[in-house]
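J.: The following comprises the amino acid sequence and a computationally predicted model.
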Amino acid sequence: AQTVTQSQPEMSVQEAETVTLSCTYDTSESDYYLFWYKQPPSRQMILVIRQEAYKQQNATENRFSVNFQKAAKSFSLKISDSQLGDAAMYFCAYRRKSSGDKLTFGTGTRLAVRP
Amino acid sequence: DAGITQSPRHKVTETGTPVTLRCHQTENHRYMYWYRQDPGHGLRLIHYSYGVKDTDKGEVSDGYSVSRSKTEDFLLTLESATSSQTSVYFCAISEGGLYGYTFGSGTRLTVV
């Protein structure tokens, strides 16, 4: 079974600084999808960014970017120019391309943003 | 999200009582899922559905059942609620592939 590991239960960043959240995964598949979700205190799950494994170029969405290292099975999220509204729980998730579209989630990283 | 709604948003129930949570979508997506979220565990899959009357178990399905009689509705039932089922429950829908999931707003269930 696929597993997703987020080894940082909590992180903290100063407003306007950059922070990187780590995620590793275990799979024997060669093609798959990876996602980062944000969960603010409202409890809503919000898709932040996604990556297809066969695409070598790292995905970017405004201040959010990923560092995808396929050989190392690593998928870290970088948040630039951190804002107070970035404070949330962040979940990394994996989906096999060939499966029934089930997402496997990591345990999450809680990000605090200091003013 | 406007295309998916969960009800109720909060519920307190007693041990041993049956509980049904409802997920309703207006997106006509094929795939629907129920997850539970617990501290230190992230989101874990309970059951999922690929279509009407086509459901399967996830990793934490014991004590739960589901039904999908219409494309738009996916019901999660706790046959006899236990305190270990106190959790936040999320429903999600998907078109598949790179689209990821769209989540409902969650149901906080407390079993006393």
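T.: Structure received.
J.: Buried ones in the helix or strand encompassing residue B:110, by neighbour count?
T.: Residue B:110 is located in strand B:107-111, with elements delineated by DSSP states H and E. Neighbour-count burial for strand B:107-111 flags B:107, B:109, B:111 (criterion: 16 or more other CB atoms under 10 Å in any protein chain shown). The C-beta positions use only the backbone N, C-alpha and C, and glycine is treated the same way.
J.: Output the residues you listed in a markdown table; the columns should cover pLDDT and distance to chain A.
T.: As requested, the buried residues of strand B:107-111 are exported to a markdown table (pLDDT from 0 to 100; distance: CB to the nearest CB, whole Å):
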| residue | pLDDT | distance to chain A |
| --- | --- | --- |
| B:107 | 97 | 10 |
| B:109 | 98 | 13 |
| B:111 | 97 | 19 |
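J.: Pipe those residues into a markdown table and attach distance to residue B:57 per row.
T.: Putting those into a markdown table (distance: CB to CB, whole Å) gives the following:
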| residue | distance to residue B:57 |
| --- | --- |
| B:107 | 20 |
| B:109 | 19 |
| B:111 | 21 |
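J.: Which secondary structure state does the most far-flung residue of chain B relative to its centre sit in?
T.: Distance to the chain centre peaks in chain B at residue B:98, reaching 21.4 Å (criterion: CA atoms, centre = their mean). Of the three states, residue B:98 takes helix under DSSP: H, G, I helix; E, B strand; the rest coil.
J.: who touches it in this structure?
T.: Taking CB atoms under 8 Å, 6 or more residues apart in numbering or on different chains, we find residue B:98 in contact with A:33, A:50, A:52.
J.: what number of residues lie near the residue of chain A found nearest chain B?
T.: Closest approach between chain A and chain B, counting by CB to the nearest CB: residue A:45, at 3.8 Å. By other CB atoms under 10 Å in any protein chain shown, the residues close to residue A:45 number 26.
J.: so the nearest residue to residue A:61 once chain neighbours are set aside bridges to which residues?
T.: Leaving aside its chain neighbours, residue A:61 sits nearest to residue A:49 (4.9 Å; criterion: CB to CB, 6 or more residues apart in numbering or on different chains). Residue A:49 has these beta-bridge partners by DSSP bridges: residue A:36.
J.: Fine by me, we can end here.
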